[in-house]
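J.: predicted model follows, preceded by the sequence.
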Amino acid sequence: MKKPTWVQKENLNPIPEAKSNGVSETLEKYDIYPVAYCMWKKKLLIDGKEGLLQSQAQDEKRRL
């Protein structure tokens, strides 16, 4: 099964949800790799929402 491609604002939803519902349950619900979640969370803590969105935009440009 192919993992979904997350873009910009979509990855902000699982982070707060994981705090309330638990990380394992949330990752399973959204079909997210734990490493991706940890990277998003770290980026959000260090650079904030704008840093996370900017990072994702740069990743998208590299894929094209």
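T.: Right, received. Where do you want to start? Numbering: from 1, shown residues only.
J.: residue 51: what's it in contact with?
T.: When contacts are counted by CB atoms under 8 Å, 6 or more residues apart in numbering, residue 51 is found next to 43, 44. C-beta coordinates here come from the backbone N, C-alpha and C atoms, glycine included.
J.: apply 7 Å and report the result again.
T.: By CB atoms under 7 Å, 6 or more residues apart in numbering, the residues touching residue 51 are residue 43.
J.: cool, and residue 30?
T.: Shown in contact with residue 30 (CB under 7 Å, 6+ apart): residue 14.
J.: the worst-scoring helix or strand of the chain on mean pLDDT: which residues count as buried?
T.: For the chain, the helix or strand with the lowest mean confidence is helix 34-63, at a mean of 77 (criterion: mean pLDDT, DSSP states H and E). Neighbour counts using 16 or more other CB atoms under 10 Å place 37, 40, 41, 43, 44, 52, 53, 56 of helix 34-63 among the buried residues.
J.: the fourth one against residue 52, yeah?
T.: Yes. Counting by CB atoms under 7 Å, residue 52 is a contact partner of residue 43 at 4.8 Å.
J.: element containing the closest residue in space to residue 21 that isn't next to it in sequence?
T.: Closest residue to residue 21 apart from its sequence neighbours, by CB to CB, 6 or more residues apart in numbering: residue 29 at 8.0 Å. Assessed by DSSP states H and E, residue 29 sits inside helix 23-30.
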